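Visitor: this one's structure only:
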């Protein structure tokens, strides 16, 4: 399938609009582009845009709604709210909520296009109609709409994204450029896509600071190890270790220990693997909780749990997944691990609870994801769904 192979490109298509430029720089990053909204609506709109680009969907939605209250005819504020209901990396979409957000701007697709202030805004609304199947009670399935959305963006000339349009200052917070490729392959298990995602973000590894360099190279190593390319994994480990040097930052040391552990596990050096993963988990347990995306991108207790599960130690694995869920409630990969470990450890009620939580999370996910979840109930060895 095309759609998840280009998940990053679907996240936030945003080109230069044709009216006065507005700019904003916040903790979420910086953005500058032209739009038709009222001056008073710019701050919440731009804040919503930046948060949308950082996957903070609920807060982004609230910001877009604030912009709408200030300027009810601000087409892109309604567009932004609708976009918060599409989560391509996680294969989720709430079509009903998105269409409601669009109807708040105008009841019909035709009415929205007529009401838009510029041709560019009309184009963005038109492509959004394709994404959500607006104007029909019998829309195509989500996967078909995703593909049609890409085609529509190409036809209508909205193929640029915030990250690639040279006329727009990127909306990514600086750390997101090196964090996002690593986090996305970890969450989607698309291990073979990491280099393409790094290239899509135009990352120059040599220009990264210590945090970015360690995270990027450790992520490359994890991806290589998961593909059983231990030569590439060891090379990435050496580069990550060199980038770390004698910097004593727990979040970075965790990532190096995780990679050492996974390489040893794949090399069937079980004792060394578990030593490294225990060290990483202990470092994680000492860290305070931070607001925002998971960092390090792969929780150490989760990786430790996955290793223990692969070694037929489900009860021990269950303990590690529980520790991950204490830090990151309802994290999907740890819920999946919990369901597997509990089933194998003879704890069916725990397994059923984890599966139920996953089902609630993935109720709007693509059919293959839901099918894999159904399979988990019958087969404890089922693997988490991999984005295609």
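Guide: Received, thanks. Everything quoted here is computed from the prediction, not taken from an experiment.
Visitor: I'd like to check which residues are in contact with the residue lying closest to residue 265 once chain neighbours are set aside.
Guide: Excluding the flanking residues, the one nearest residue 265 by CB to CB, 6 or more residues apart in numbering is residue 273, at 3.9 Å. Where you see a C-beta, it was placed from the backbone N, CA and C, and this is true even at glycine. For residue 273, the contacting residues are 261, 262, 264, 265, 307, by CB atoms under 8 Å, 6 or more residues apart in numbering.
Visitor: Looking at the residues you listed, which are in helices?
Guide: 261, 262, 264, 265, 307 (DSSP state H).
Visitor: Show me which of those is closest to residue 285.
Guide: residue 261 (15.5 Å; CB to CB).
Visitor: In the helix or strand harbouring residue 340, which residues are buried?
Guide: According to DSSP states H and E, residue 340 maps onto helix 332-344. For helix 332-344, burial by neighbour count (16 or more other CB atoms under 10 Å) applies to 332-344.
Visitor: quick check, nearest of those residues to residue 101?
Guide: residue 332 (24.8 Å).
Visitor: okay but that closest one is in contact with residue 358, surely?
Guide: Yes - judged on CB atoms under 8 Å, residue 332 makes contact with residue 358 at a distance of 6.4 Å.
Visitor: among the contacts of residue 273, which two are most distant?
Guide: Between any two of those (CB to CB), the greatest distance is 9.5 Å, for 264 and 307.
Visitor: rewinding a little: what's the helix or strand for the residue nearest to residue 265?
Guide: Taking DSSP H and E as the definition, residue 273 sits inside helix 270-286.
Visitor: Can you give the distance of that helix from its chain's centre?
Guide: Centre-to-centre, helix 270-286 and its host chain are 26 Å apart (CA atoms, centre = their mean, to the nearest Å).
Visitor: If we ignore the residues flanking it in sequence, what's nearest residue 330?
Guide: Residue nearest to residue 330 in three dimensions, not counting chain neighbours: residue 357, with 5.9 Å by CB to CB, 6+ apart.
Visitor: In the helix or strand harbouring the one you found, which residues are buried?
Guide: Using DSSP H and E, residue 357 sits within helix 348-361. Buried residues in helix 348-361, counting neighbours by 16+ other CB under 10 Å, are found at 350, 351, 354, 355, 357, 358, 359, 361.
Visitor: Wait, the fourth one touches residue 339, no?
Guide: By that I understand residue 355. Yes - with contact defined as CB under 8 Å, residue 355 and residue 339 form a contacting pair (5.0 Å).
Visitor: Any chance of TSV for the ones in helices among the contacts of residue 273, columns neighbour count and distance to residue 66?
Guide: Shown next, in TSV, are these (neighbours: other CB atoms under 10 Å; distance: CB to CB, whole Å):
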residue	neighbour count	distance to residue 66
261	26	45
262	27	44
264	21	50
265	21	48
307	23	45
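Visitor: starting at the chain centroid, how far to stretch 283-291?
Guide: A distance of 21 Å separates the C-alpha centroid of stretch 283-291 from that of its chain, computed with CA atoms, centre = their mean.
Visitor: now the helices for the stretch 51-200 of the chain?
Guide: Listed in chain order, the helices of the stretch 51-200 of the chain (DSSP state H, counting those that start in this stretch) span 57-70, 75-83, 95-103, 109-115, 119-132, 142-156, 174-188, 194-200.
Visitor: now, of the ones you listed, which is deepest in the fold?
Guide: Mean neighbour count (mean count of other CB atoms under 10 Å) peaks for helix 75-83 among these, with a mean of 27.
Visitor: Which secondary structure elements does that one sit against?
Guide: If you count contacts as 3 or more CB pairs under 8 Å, 6 or more residues apart in numbering; DSSP states H and E, helix 75-83 packs onto helix 42-53, helix 57-70, helix 95-103, helix 109-115, helix 119-132.
Visitor: shaky segments in the stretch 1-150 of the chain?
Guide: Within the stretch 1-150 of the chain, the stretches with pLDDT under 70 are 1-33.
Visitor: One more: the stretch 151-300 of the chain?
Guide: Using pLDDT under 70, the flagged stretches of the stretch 151-300 of the chain are 153-174, 290-292.
Visitor: which residue sits farthest out from the middle of this structure?
Guide: residue 114 (33.7 Å; CA atoms, centre = their mean).
Visitor: Report the separation between that one and residue 231.
Guide: Using CB to CB, to the nearest Å, we find residue 114 at a distance of 60 Å from residue 231.
Visitor: now swap in residue 149 and tell me
Guide: As for residue 149, its distance to residue 231 is 39 Å (criterion: CB to CB).
Visitor: contacting residues around residue 81?
Guide: Counted by CB under 8 Å, 6+ apart, residue 81 has contacts 48, 61, 64, 65, 68, 101, 104.
Visitor: what's the domain layout of the chain?
Guide: 4-156, 173-276, 299-388 (automatic domain parsing).
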